[in-house]
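[1] attaching a predicted model along with its sequence, questions to come.
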Amino acid sequence: MANKIFMIMTFIGVPLSVMGSLMHWPSTILFVIYCLTIIALASYMGRATESLAVIAGPRIGGLLNATFGNAVELIISIFALKAGLTGVVLASLTGSVLGNLLLVAGLSFFIGGIKFKRQTFNIFDARHNSGLLMFAVLVAFVIPEVFSMRMSEGETLSLSVGISIILIALYLAALFFKLVTHRGVYQSESSGQTHEEEPEWSKMKAIVILALATIAVAYVSENLVHTFHDVAKSFGWTELFIGVIIVAIVGNAAEHASALIFAWKNKMDIAVEIAIGSTLQIAMFVAPVLVLVSLLFTKSMPLVFTLPELVAMASAVLLIIIISNDGESNWFEGLTLMAAYIIMGIGFFLL
């Protein structure tokens with residue numbers, strides 16, 4: 001039923017998006033059409049990566065899901081950087097970290113916990129990811145903020161570029177560690193669950209759908225960025241709220257949906273890999289890449305977040321580490337993570 005709804009939304013939304021942008025419809029109407037179209041396209045990206053996850057296994061499947069889910073956010077952010085909206089980009093990165101760690105993980109734990117009293121996932125991966133989360137958010141994001149207080153804009157940008165290169169190098173090393181040198185070394189009891197079902201689509205069909213959906217998302221995302229200013233004025237929203245909540249939820253719709261499906265099927269290794277793996281990819285790859293890409297545009301983006309953004313991300317990281325480090329989850333832990341997300345959402349709305 002849900003698949004049919006998303007199919008209808010896609011076949012109506014894409015032509016409407018093209019017509020609306022050519023005929024210059026009001027920005028608020030276009031904003032809603034673009035957001036719904038991206039979510040519908042993201043469902044196809046989610047189903048394609050789910051098929052690839054069944055074929056490739058939990059780690060590679062989770063990585064693929066996070067990568068293509070984050071591709072939407074990366075595309076939106078590049079167009080926003082081109083438009084000079086560095087504040088929206090930094091806010092959307094914050095929103096992705098909060099959304100993945102608190103909303104996606106929280107909903108996965110909650111929905112899976114309703115069906116199963118106790119769910120388990122790879123404790124070794126959880127502990128490995130905890131160290132990387134601490135490094136990416138509490139070291140790499142906090143350092144530029146603290147040091148920039150005594151630096152010029154040029155020096156802050158140079159520091160950001162240096163940190164970005166180190167983050168990308170460490171992220172690639174982490175992938176090499178998990179997928180090559182230590183693949184299969186740290187196994188959990190639930191690691192064998194991935195191959196129980198047949199993939200919905202064949203490998204080739206999934207890749208083709210993934211490619212087409214990504215191209216469509218790129219087109220709609222570019223138009224979505226141009227509506228931000230007018231929508232902010234109409235609804236009285238700040239750029240910070242649009243970035244942290246709206247762009248982050250729309251941009252990560254694909255992985256949100258996939259993680260919940262896997263949690264409901266008691267495939268927590270993949271669900272957790274999507275939620276936490278996606279956060280690591282945002283913090284250690286997408287954010288640094290955007291800093292480097294911004295050097296090509298008129299307005300460069302240093303890796304300096306506002307104090308509320310940093311505190312919110314640090315709190316989310318500490319909370320998910322404490323909750324997930326035992327390799328088990330239940331519905332109450334999920335509810336706790338979602339409550340934290342709602343509290344932060346209210347704060348950013350009122351800020």
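    That came in fine, so what should we check first? Being a predicted model, the structure only gives us computed values, none of them experimental.
[2] just checking, what packs against the lowest-mean-pLDDT helix or strand in the chain?
    In the chain, the helix or strand scored least confidently by mean pLDDT, DSSP states H and E is helix 248-251, which has a mean of 73. With contacts taken as 3 or more CB pairs under 8 Å, 6 or more residues apart in numbering; DSSP states H and E, helix 248-251 sits against helix 27-56, helix 58-82, helix 86-98. From N, CA and C alone the C-beta is placed, and that goes for glycine too.
[3] what comes into contact with it?
    Outside of helix 248-251, the residues within contact range by CB atoms under 8 Å, 6 or more residues apart in numbering are 35, 38-39, 70, 72-73, 76-77, 92, 94-96, 98-99, 103, 224, 256.
[4] confidence-wise, which of the helices and strands packed on helix 248-251 is weakest overall?
    When the helices and strands packed on helix 248-251 are compared by mean pLDDT, helix 58-82 comes last with a mean of 76.
[5] next, the angle from that helix to helix 27-56.
    160 degrees (axes from the mean of the first three to the mean of the last three CA atoms, to 10 degrees).
[6] chain center to helix 58-82: distance?
    Offset of helix 58-82 from its chain centre (CA atoms, centre = their mean, to the nearest Å): 7 Å.
[7] which stretches of the stretch 251-351 of the chain form helices?
    253-264, 268-281, 287-294, 307-324, 331-350 (DSSP state H, counting those that start in this stretch).
[8] tell me which of those sits most buried.
    Ranked by mean neighbour count, those are led by helix 268-281 with a mean of 29 (mean count of other CB atoms under 10 Å).
[9] report the mean confidence score over it.
    86.
[10] got the angle for that helix vs helix 287-294?
    40 degrees.
[11] now for helix 268-281, which elements pack on it?
    By 3+ CB pairs under 8 Å, 6+ apart, helix 268-281 packs against helix 58-82, helix 86-98, helix 105-115, helix 123-133, helix 153-176, helix 253-264, helix 307-324.
[12] output those in TSV; the columns should cover distance to Thr28.
    Formatted as TSV, the entries for the helices and strands packed on helix 268-281 read as follows, by distance: least, CB to CB, whole Å:
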stretch	distance to Thr28
helix 58-82	18
helix 86-98	17
helix 105-115	28
helix 123-133	37
helix 153-176	34
helix 253-264	20
helix 307-324	26
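[13] nearest to Ala216, of those?
    Between Ala216 and the helices and strands packed on helix 268-281, the tightest spacing by CB to CB is seen for helix 58-82, at 10.4 Å.
[14] could you give the angle of that closest one to helix 253-264?
    With the same axes, to 10 degrees applied, the angle from helix 58-82 to helix 253-264 works out at 160 degrees.
[15] does anything pack onto helix 58-82? Which helices or strands?
    Right, helix 58-82 is packed against helix 27-56, helix 86-98, helix 203-225, helix 248-251, helix 253-264, helix 268-281, helix 287-294 by 3+ CB pairs under 8 Å, 6+ apart.
[16] next, the buried residues of the second one.
    It refers to helix 86-98. 86-98 (16 or more other CB atoms under 10 Å).
[17] quick one: distance of that helix to the chain centre.
    10 Å.
[18] do the last one as well
    A distance of 16 Å separates the centroid of the chain from that of helix 287-294, by CA atoms, centre = their mean.
[19] name the helices or strands packed onto that helix?
    If you count contacts as 3+ CB pairs under 8 Å, 6+ apart, helix 287-294 packs onto helix 58-82, helix 86-98, helix 153-176.
[20] go again with 6 Å.
    helix 153-176 (3 or more CB pairs under 6 Å, 6 or more residues apart in numbering; DSSP states H and E).
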